[in-house]
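> Generate coordinates for the sequence data below:
(one chain, ligands or ions: 4)
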Amino acid sequence: MRAAAGPCDGRTTRSAGLTPPVTEDPGVPLRTAHRTCPICDAVCGLRIELDAGERVIGVRGDTEDPFSRGYVCPKGASLGRIDEDPDRLRVPMIRTGDRWHEATWDEAFDAVEKGLTGVIEEHGRQAVAAYFGNPTFHTMGGIFYRGPLSQSLGTTNLYSAGTIDQMPKHVACGLMFGNAMAIPVPDLDRTDFLLVIGANPAESHGSLCAAPDFPGRLKALRARGGRLVVLDPRRTRTADLADEHLFVRPGTDALLLFALVHTLLAEDLVTLRVDTEGLDRLAAHAAPFSPAAVSKMCGVPAATIVRLARELASAPTAAVYTRVGTSTAEFGTLTQYLVDVLNVLTGNLDRPGGVMFTRPATLEVPWGPRPFVSGRWHSRVRGLPEALGELPVATLADEIETPGEGRVRALISVAGNLVLSAPNGPRLGRALPDLDFMVCVDPYLNETTRYADVILPPPRMMQMPHYDLLLLTVTVRNYTRFSPPVLPLEPGQLSEAEIMARLCLIATGRGAAADPALVDEAVLGELLGAGVQIPGSPFEGMTVPGARSLLEGDSGPELMLDAMLRLGPYGLSLAELRKHPHGIDLGPLEPRLAEVLGTESGLVHLAPAELGEEIDRLRGRLEAPVPRMLLIGRRQLRSNNSWLHNVPTLVGGSNRCTLHVHPDDVDRLGLDGHARVTSATGDLVVPVEPNDRIMPGVVSLPHGWGHAGSSQRTAARQPGVNANALTDDSVVDPLSGNAVFNGTPVSLAPAPAPIDDPAADPALPPLPRR
Ligand SMILES: Nc1nc2c(c(=O)[nH]1)N[C@H]1C(S)=C(S)[C@@H](COP(=O)(O)OP(=O)(O)OC[C@H]3O[C@@H](n4cnc5c(=O)[nH]c(N)nc54)[C@H](O)[C@@H]3O)O[C@H]1N2
Ligand SMILES: Nc1nc2c(c(=O)[nH]1)N[C@H]1C(S)=C(S)[C@@H](COP(=O)(O)OP(=O)(O)OC[C@H]3O[C@@H](n4cnc5c(=O)[nH]c(N)nc54)[C@H](O)[C@@H]3O)O[C@H]1N2
Ligand code: SF4
Ligand SMILES: [Mo]
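Ligands and ions are numbered 1, 2, ... in the order given. This is a model prediction of the structure:
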């Protein structure tokens, strides 16, 4: 169902400088500040107006930002309200039994030190697990200290939102390019043909393809005569912008993509422009997956698949792009791999108009081994493989619940809401109270942090410096921007960097009272130790202290950033970035495959041996019965995973937790009002929204809801239900260990509306007592 147009429907508010501030408060602006929006991957520049009381009274797009050029979405426009949310925690919280009380930082860190060292002394370091949630990609405290904290803990029980999101992409790129961080980005502004599979950038604003005003860029693609095709089990807002939308059955994209590869090979439509190996083996793999063989399972006519392959091959330039829809589905790694196989076979890898590798302003630090390997160790209970040093979130509950040597007894959760965001989240909600100790770095008391013993709140966004270390490695143009804090810390308040550094000090046994600068200097020492050896680097041949004396920055992460900028390919520095508060355009993407390739052969691998078993498993699907009813997710424009439902300007309207069901299925199943949805892991009663924009045989429920009884008061008024009560943590993508959210088999039956009883919600067992 389409939402009505209005101030919050995400229409472009680009019109240079004329956009009225969306924040409705009257007030007299006294000063203007500029910063990058930290909410999603689009890295929009914002212009923030503050009144005499330093209150944010207006947020607009920054028209002088060369990348976002004034674009802002409803979330960015609400940044002031998000930032000033009265339900945010401002001081540390300690829980005793089922009571929370405010604490000083010293008390809080003492409690953390006691809790963590107690577990380490009794059970060893492996008994401590850490989870880094999605916002750790969006804060300097998160991105610069994830590594140091993980190292300090000395455990392999490390988890992140990566394995409920993009890990299949890393593994696929690792296997093809030898480098898990070599992620090809569509050349969005120049391509002639964009095939979008399982992504909805008109509402998500794009991911692993940072592009402010993604919808505007899609419109521009068509305006210049390009073609946009979308493959999605829902007719999304992105599909509305496209020339063509095709329904595809959830979880079957690998079949469809193999059929496209099959057709390119069968019709001799392959154009190789990069050096590859494995084309013959790829051809053998693709042989059984003819368009006719996959058509019924995918729900796409064979003739359409053939036409699509021809269109891709004959377009002057083309880019195939996929994201969460296929990454968090069965065969996630295989699907991510096949997307880039198509980009290679159509001659579009590493050329303008195709897909290329961003050249970020900062030194590219290897993430994971090069050449890539995974499975260097395995999880204790299910034997799932490590990837990029992480174990799958889908097995964290097993590791907490299952007795034996190495059982997880303590958890550090930074910027994560596992109970709502992990597969079978309610199971984690039952497991977390069994831990001996749990600490969260989080601004909210929410569905997950309520199980912590200590909550350490980071400052408000406006008080943090900002640099998108990771997102700026996947921009559709080379671009950089640093934002200093808009507001200072209050006396006694701790930066997120300092909170993380103090956790590192506790983890290494130096104690919470030690100087956090020790952690910063250790990280800088390591960075510069490598930097002085890089030929041609500005630090080449210097001593580490010599190089260190050149760095400038107001905090540890700023010094680290300065080092990485100086060691980066453009010879920038933090001082230079400060001179450009609106950011610096570093030009269009350019071919650079040779620089990022990490394979020993120096070739792109078209048929990595590691994929063999998955391809065999996929072949089995050709004969399998077509599933009856499958559940998928749905991202909502004015939401962001689980944590923006407390902002009054962002709730209501189309932002509701309803089940989209095709009208034919509504009739067939006799649904009226509510339905009971049952999966292998759980069941939920949800309001049904008949919707002809979803494929028959598929239903969609957004994730991140389930706030009944929450201390986030606005969220609690429209709580919704936890979609991850239905997703199955026993099913993963075997190669990456990634969770499978999309394509969950479910059954539906009519049900009466639930009685308003928060205790009956599976997401909310009573507060734990230890
Ligand atoms: N407004 C908003 N923006 C966000 C977020 C948010 O919660 N709200 N979250 C942010 C985060 S963390 C991320 S990772 C990005 C994600 O960005 P996207 O990947 O663009 O995310 P989605 O909007 O979930 O799009 C996935 C699409 O895949 C479709 N789909 C589901 N299953 C399948 C399948 O099996 N096959 C195919 N072909 N399609 C399928 C869904 O219908 C959906 O339209 O968005 C970010 N931006
Ligand atoms: N069914 C289903 N489940 C999904 C998905 C799906 O499509 N379908 N998508 C998955 C994806 S792509 C992702 S990325 C995950 C997200 O999963 P998570 O990253 O675990 O969870 P979020 O809901 O993003 O919760 C973010 C937490 O960070 C806190 N936070 C916000 N700002 C800050 C900050 O500045 N500092 C700190 N320290 N904390 C902060 C919030 O209060 C919140 O508790 O969910 C996944 N779960
Ligand atoms: S699109 Fe993303 S980065 Fe841009 S304003 Fe909206 S939430 Fe912020
Ligand atoms: Mo994500």
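> Please count neighbours and contacts with C-alpha atoms only from this point.
Noted.
> what helix or strand does the closest residue to Leu269 other than its chain neighbours sit in?
Excluding the flanking residues, the one nearest Leu269 by Cα to Cα, 6 or more residues apart in numbering is Ala313, at 6.2 Å. Counting by DSSP states H and E, the element that carries Ala313 is helix 302-314.
> For the residue nearest to Leu269, grab the count of nearby residues.
Taking other Cα atoms under 10 Å as the criterion, the count of residues near Ala313 is 22.
> now Arg376
There are 10 residues near Arg376, going by other Cα under 10 Å.
> mind listing what the nearest residue to it once chain neighbours are set aside touches?
Spatial nearest neighbour of Arg376, excluding adjacent residues (Cα to Cα, 6+ apart): Glu386 at 6.2 Å. By Cα atoms under 8 Å, 6 or more residues apart in numbering, the contact list for Glu386 reads 374-379, 392, 736-737.
> make it 10 Å
156-159, 373-379, 392, 735-737 (Cα atoms under 10 Å, 6 or more residues apart in numbering).
> hang on, the earlier thing: ok, and what's touching the helix holding Ala313?
By Cα under 10 Å, 6+ apart, helix 302-314 touches 192-195, 227, 229, 246, 256-257, 259-265, 267-271, 290-296, 318-320, 342-343, 345-348.
> pLDDT of that helix, averaged?
In this model, helix 302-314 has an average pLDDT of 98.
> do the same with stretch 629-644
On average, stretch 629-644 scores 96.
> Output that stretch as CSV, restricted to C-alpha atoms.
In CSV, the C-alpha atoms belonging to stretch 629-644 read as follows (Å, rounded to 0.1, in the frame of the first residue of the first chain):
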residue,chain,number,x,y,z
MET,A,629,4.3,-19.8,2.1
LEU,A,630,7.5,-17.9,2.8
LEU,A,631,8.2,-14.9,5.1
ILE,A,632,10.4,-12.0,4.2
GLY,A,633,11.2,-8.7,5.9
ARG,A,634,10.6,-5.1,5.0
ARG,A,635,12.6,-2.0,5.8
GLN,A,636,10.6,1.1,6.5
LEU,A,637,11.6,4.6,5.3
ARG,A,638,11.3,6.3,8.7
SER,A,639,12.9,3.6,10.7
ASN,A,640,16.3,2.0,11.2
ASN,A,641,16.4,-1.5,12.4
SER,A,642,15.2,-1.5,16.1
TRP,A,643,16.1,1.9,17.5
LEU,A,644,14.2,4.8,15.9
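> Residue of the stretch 301-450 of the chain closest to ligand 1, please.
Gly325 (3.2 Å; Cα to the nearest ligand atom).
> OK, contacts around that residue?
165, 197-200, 231-233, 250-251, 253, 332, 632-634, 740-743.
> What of Trp705?
Taking Cα under 10 Å, 6+ apart, one finds 420-421, 447, 641-645, 656-657, 715-716, 718-724, 763 in contact with Trp705.
> Let's see that with 6 Å instead.
Residues near Trp705 by Cα atoms under 6 Å, 6 or more residues apart in numbering: 720-722.
> again, but for Val355
The contact partners of Val355, by Cα under 6 Å, 6+ apart, come to 184-187, 319, 349.
> And the helix holding Ala313, what's buried?
302, 305-306, 308-310, 312-313 (16 or more other Cα atoms under 10 Å).
> Return the closest of those residues with respect to Val28.
Leu312 (53.7 Å; Cα to Cα).
> hang on, the earlier thing: now, which of the contacts of Val355 lie within strands?
185-186, 319 (DSSP state E).
> Now narrow those to whatever sits close to ligand 1.
Among the ones in strands among the contacts of Val355, no residue is within reach of ligand 1 (Cα under 6 Å from any ligand atom).
> any idea which of those is the one closest to ligand 2?
Nearest to ligand 2 among those, with distances taken as Cα to the nearest ligand atom, is Val185, at 17.7 Å.
> isn't the closest one right up against Gly354?
No: counting by Cα atoms under 6 Å, Val185 does not reach Gly354; the two are 8.4 Å apart.
> gap between the lengthiest helix in the chain and the chain center?
If you go by DSSP state H, the chain has its longest helix at helix 105-123. Centre-to-centre, helix 105-123 and its host chain are 30 Å apart (Cα atoms, centre = their mean, to the nearest Å).
> buried set for it?
Buried positions in helix 105-123, judged by neighbour count with 16+ other Cα under 10 Å: 105, 108-113, 115-117, 119-120, 123.
> and those as TSV, adding pLDDT and distance to ligand 3?
Below are the buried residues of helix 105-123 laid out as TSV (pLDDT from 0 to 100; distance: Cα to the nearest ligand atom, whole Å):
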residue	pLDDT	distance to ligand 3
Trp105	98	31
Ala108	98	32
Phe109	98	33
Asp110	98	36
Ala111	98	35
Val112	98	33
Glu113	98	36
Gly115	98	36
Leu116	98	35
Thr117	97	39
Val119	98	39
Ile120	98	39
His123	98	42
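> Give me the residue ranges of the protein where confidence is low.
Within the chain, the stretches with pLDDT under 70 are 1-26, 756-770.
> Would you map out the domains in it?
18-83, 187-360+597-615, 624-751 (automatic domain parsing).
> what about these, which gets the closest to ligand 3?
domain 18-83 (3.6 Å).
> Give the buried subset of the contacts of Val355 as a ChimeraX selection command.
Selection of buried members from these for ChimeraX, criterion 16+ other Cα under 10 Å:
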select :184,185,186,187,319,349
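> how about the contacts of Val355 in a markdown table, adding distance to Arg676?
Listed next are the contacts of Val355 as a markdown table, based on distance: Cα to Cα, whole Å:
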| residue | distance to Arg676 |
| --- | --- |
| Pro184 | 41 |
| Val185 | 40 |
| Pro186 | 40 |
| Asp187 | 44 |
| Ala319 | 40 |
| Leu349 | 46 |
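> ok, back up a step: of the contacts of Trp705, which is the most crowded?
The member of these that has the most neighbours, counting by other Cα under 10 Å, is Asn722 with 29 neighbours.
> what separates Tyr479 from Thr395, distance-wise?
According to Cα to Cα, to the nearest Å, Tyr479 and Thr395 sit 37 Å apart.
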